[in-house]
Structures are given as structure tokens and as C-alpha cells.
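Visitor: I would like to see how this sequence folds:
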Amino acid sequence: MPTTATIPRNNRQLVFTSSQAARYLGVSLATIRRWTDAGYVSCYRTPGGQRRFAREQLDSFVTSMRREGRAGHTGADSTGYGDRGGARVA
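Guide: A predicted model of the protein is given here:
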């Protein structure tokens, strides 16, 4: 039985794995890892070293991306990746 990451269907789920967080933000797993390593998205580590993300932190990140987008995004950001891998925000 293959395991796949899914977006939590329950609004009460408060903690995401890396794969779930990536899907929630609409980005790749590599992007969520890169953003975490760069400090753009907060997470905590399990005793086994796996990343876990709080829904509140992900929502705050999306909100901050929306604010920056309204201020005028030139295409290049401090990650050096430009528009690639950005969070999809409405």
C-alpha cells in the first residue's frame, strides 16, 4: 500500500509533515525544505529529526507573502530563486 502525502481534510489538524506542508502551500517538498533552512518558514524537529509545521505558522507565512506581493514583487527574492517555487496565494 503506497503512502502519499495528502492535504489534511480536517480543519482541526494543527500539525503538518513536510510533504503535507508543501501541498498546503502549493510548492514542492524541496522548496519547503529550502524555505525552512533559510528561516522563511518555521518548524520544529521531532526526536527523529523530521520537520513538523504548525498550521498557524504556515498561515502566517502565506499572509506575509500576500503583503509582500501587494508591495510589488520584482521577481527576484533573497533566496535567489526568483519566481520559481513561490507559494500560490490568492
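Visitor: Just the strands from the chain, written as ranges.
Guide: Counting by DSSP state E, one finds strands in the chain at the ranges 15-16, 44-45, 51-54.
Visitor: can I get those in CSV with mean neighbour count and distance to residue 25?
Guide: Heads up, the C-betas are built off the backbone N, CA and C, glycines and all. Formatted as CSV, the entries for the strands of the chain read as follows, by neighbours: other Cβ atoms under 10 Å; distance: least, Cβ to Cβ, whole Å:
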stretch, mean neighbour count, distance to residue 25
strand 15-16, 18, 9
strand 44-45, 10, 17
strand 51-54, 18, 9
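Visitor: Tell me which of the ones you listed lies nearest to residue 31.
Guide: Across the strands of the chain, the minimum distance to residue 31, taken as Cβ to Cβ, is reached by strand 51-54, at 12.9 Å.
Visitor: want to try CSV for the strands of the chain, with mean pLDDT and distance to residue 35 as columns?
Guide: What follows is these, written out as CSV (pLDDT from 0 to 100; distance: least, Cβ to Cβ, whole Å):
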stretch, mean pLDDT, distance to residue 35
strand 15-16, 95, 13
strand 44-45, 94, 15
strand 51-54, 96, 10
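Visitor: quick one, which of those strands is nearest to residue 34?
Guide: Within the strands of the chain, the stretch nearest residue 34 is strand 51-54; the backing value is 12.0 Å (Cβ to Cβ).
Visitor: circling back to that earlier point, now distance to residue 36 too, for the strands of the chain, in JSON lines please.
Guide: Putting these into JSON lines (distance: least, Cβ to Cβ, whole Å) gives the following:
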{"stretch": "strand 15-16", "distance to residue 36": "12"}
{"stretch": "strand 44-45", "distance to residue 36": "10"}
{"stretch": "strand 51-54", "distance to residue 36": "6"}
